[in-house]
Structure formats: structure tokens, C-alpha cells
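Q: Build the 3D model from these lines:
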Amino acid sequence: MERTEKKTKNSNNIPTDVGVERQWLEALLNRDVRKPTAWTEADVRQMVASKAQSKIQGILQSIYWDLQRLQQVTKFTEDGEIIDQPEEDYFDGWYEANDLEDYNQKYKLMQMLNTIARALHVSESDTYAKEDFEEILSRLVNRVLEEPEYLEVIANVINERYPGLASPFRSAPSAEELNEREAMEYAKELGKIENSIESNIEQHAHILAKIKRAKRTDFEKIALALDRIVIFGPRNWELTLYCLMSPHAPRILINNLDYRANLHEMLAGDISTAKSTIHKIAKLIAPKMMVVDETTKASFEGVAPTRSGDEIEEGILDHAMDGVMIVEEYTNNFARMPLMRRAMDCEYIEIHKKGSSKGIHVNTTLLAACNPRGDFFREEVDGNFREQIVFKEGILSRYRIVSVRNGLITFGDN
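A: Okay, here's the model as predicted:
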């Protein structure tokens, strides 16, 4: 088999084409990128900028919008350098256009601009002559062009004093427009990561080192050691280890279709067959885990806000993200939960409660346990194992591994 890693290396002994390690690196970096928000029409109605109630509010709002427009038309090279910087006198005529010469609240306006300047770590102005306004506005422009994220800092400063005044939306956009914008921003962030790996992989050397160490982890040896603690079968222990680690695996592309890498496992066995002990060991091994039972499933997706329009609280799915949910007594109460099935599919879930909504890009593996009918398997039953498990195929097909005490049976997509 042809090796996926080329021997060519740079001066820092980092492969220029890291092959499989590069795929892991990209997956790990992409996981930290904020996923697109799913906007609804109710959400966007609250995003429109509030109407200015005074001249000073109107001026501040226009400054914010001018900076936003300036940022949108400015072009950058791949290295982030400005290649189409606006004229230095971008605010030329601004003082006269706002009739500031005879405005008796100039000092208050300058106080607000100085507050913004402090937040942006640029020089303030001691007086409020025409030249002072032009100079401080020039410093704000340069800071926003150098580091675009400072535009949000300006908005926060303005909104702290005048709530809702600095919003990028002068009128209500459509949910479709917002979702398209979110998708574009998300794709842009992923593109930055891909470019950073292509052009400067040295900066990710510490992550690559961890990946290499992980590749040397011998699951077979660990499984043998665990089997001396609880006799479960080395092969079953090995599959359980892969189950616990699967939330950290990259998603799989097959024929350009995105498939989850999560290996859900069901421990099906008689009572007193050490299922609980296996779970105790899993809790110690799993990099991240959360125990779910009948008392916690009510807050599975998050509790509805007490007031309409407030945010939905974080639930089990949020806290168990990129980890393992352990259900020690999996019953039909769980199996009948529509959201449980969707969570096991590890797809995007949108939740609506009391006029509020939130989206969750689920990446959680389920490790569950159950007993057969009557708590003991009976060999004389027709169909043997399958007939004694009370769950329907719709649930069992989502478990890639179903382990029994004296063997291994797999259902669904192996």
C-alpha cells in the first residue's frame, strides 16, 4: 500500500504533506470554529438598529455604519495586507456635514469618541476642535482596517451607552440572507485554517506531535489489561475503547456524503454481568463523558426560557458535546424520544421553545446498557438474542456495536 506521508520535510522536521495526520489536524482545528447560527424571522426582527433619539446618537450611529461600509469595500491580500486602502481623508467634510461648528455638545461627542479610542488602544484627544475630530476618526479607521474585529468592540462600546444603536442592520434582513451570510463566514474561517496548514504548518507542530503520540497508542494492549480487570473479551474492550474515542475522530466522507464517525455501543446482558463495572471504567477512560438517566433527560435539549424571547438554557446535548453520554439503564422511555434518535444521527438539530431557538451541531457518542426481557437471556426463545431485546430496529440500527457478555453481535452500519 502506498504510504500517505511523504518523506519530504522542512527545516523543522515537519512533513510538508502530513497525509492522514493532516486530515486529523484539519478536523481538530475545524472543530473549534463556531458553527453557523440558524436564524429565524423572529430572531432577525430583534437585530435592527434602534432609531437615534438625539443628534449625538445619530452621529455615533453614522460613524459605526461608515466604518462598517469601509471595512466591506476594503480589499486584502492573502497575507492580510490592505491592497485597496481608502483615501486618508475618508472623513473629509464630515465635520461640516454634521454642523459641528455651532454644536454645543461637541465635548460630549468627543468624550464618547475617547471612550471608543481607549477600547481600541489608540490615542485620545484632549480638545474638540475640527482637527481633533479628524485625527481621532483617522485613528479609529486605521485600527479597524488593521484588525477588523475591533469594529465589534466599537459596537459594544456604543451599545453599552445606547442599547441597540450600533447594529449592522439598518432594516430587518431576511432569515435566508442571514443564514447565507453565516454560511459564508463559516466557509471563510474554514478556508483560513486550510490556508494556515498549507502555508505555515509549523505553527501547528504541537498538535501534530500529539497526533503522532496518539497513533502509537496500542488499544490491543490496553484492551488486554482491561480484560484482566473485568472479563469482557479483549475484542469487546477494544471496540469499547474505540467507542469512547470516536467523538474525537474526523467525520467520514463516502461518495462526497458526510457520515458520522461516532460508534454508539449498547451493552446488552443479563443482570449481574458487570455492565455497571464496565461503565465505571469507561467513565475513568473517556476524555469527556456525562451520565444521563431518567432524571436528566427532561433537560436533554435545554430548559425553555422563563420569558418569551430569552435564550434556551444549555442542556445535556450542549454539555456532552465532543464527548460520550453514558446511559446505564437504557429503556423504551429513551428509545421513544425523537430527539434521542436525532442526536444519535449526529446531525444539526434546531430547537424552538417559547419563541426562542438554538441550533446544536451534535457530536456525541452514546454508551448504553440494557437487560433482556425478564432480565436473563433464554436460549430456547425463537430468534434467540434479537427477540429478547425490546427495542425496534429504528433504534438498534443506530448502534454500530451491540455487545453481549459471551460474544459480540453488531447491528446496523458496522
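Q: For the host helix or strand of D66, buried residues please.
A: For D66, the host element (DSSP states H and E) is helix 55-73. Neighbour-count burial for helix 55-73 flags 56-57, 59-61, 63-64, 66-68, 70 (criterion: 16 or more other Cβ atoms under 10 Å). Quick note: C-beta positions are derived from backbone N, CA and C, even for glycine.
Q: which residues touch it?
A: 49, 52, 84, 86, 90-91, 98, 103, 105, 108-109, 112, 137, 140-141, 144-145, 148, 151, 154-155, 158, 162, 165-166, 168, 170 (Cβ atoms under 8 Å, 6 or more residues apart in numbering).
Q: and with 7 Å instead?
A: Residues outside helix 55-73 that contact it (Cβ atoms under 7 Å, 6 or more residues apart in numbering) are 49, 52, 86, 90, 98, 105, 108-109, 112, 140-141, 144, 148, 151, 154-155, 158, 162, 165-166, 168.
Q: Filter those down to the buried ones.
A: Buried among the contacts of helix 55-73 (16+ other Cβ under 10 Å): 49, 98, 109, 112, 140-141, 144, 151, 154-155, 158, 162, 165-166, 168.
Q: In helices, which of those fall?
A: Per DSSP state H, helices hold the following members of the buried ones among the contacts of helix 55-73: 109, 112, 140-141, 144, 151, 154-155, 158.
Q: I'd like those laid out as JSON lines, including distance to E176 and pLDDT.
A: JSON lines is the format used below for those (distance: Cβ to Cβ, whole Å; pLDDT from 0 to 100):
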{"residue": "L109", "distance to E176": "38", "pLDDT": "92"}
{"residue": "M112", "distance to E176": "36", "pLDDT": "92"}
{"residue": "L140", "distance to E176": "33", "pLDDT": "90"}
{"residue": "V141", "distance to E176": "32", "pLDDT": "89"}
{"residue": "V144", "distance to E176": "28", "pLDDT": "88"}
{"residue": "L151", "distance to E176": "24", "pLDDT": "90"}
{"residue": "I154", "distance to E176": "28", "pLDDT": "92"}
{"residue": "A155", "distance to E176": "24", "pLDDT": "90"}
{"residue": "I158", "distance to E176": "28", "pLDDT": "91"}
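Q: Could you give me the buried positions within the helix ranked longest in the chain?
A: Scanning the chain for the longest helix, with DSSP H as the assignment, gives helix 175-199. Across helix 175-199, burial judged by 16+ other Cβ under 10 Å covers 175, 178-179, 182, 186, 193, 197.
Q: With stretch 206-216 instead?
A: Within stretch 206-216, the residues that count as buried by 16+ other Cβ under 10 Å are 208, 211.
Q: same question, stretch 126-143
A: 128, 132-134, 136-137, 139-141, 143.
Q: repeat for stretch 105-123
A: 106, 109-110, 112-114, 116-117, 120, 122.
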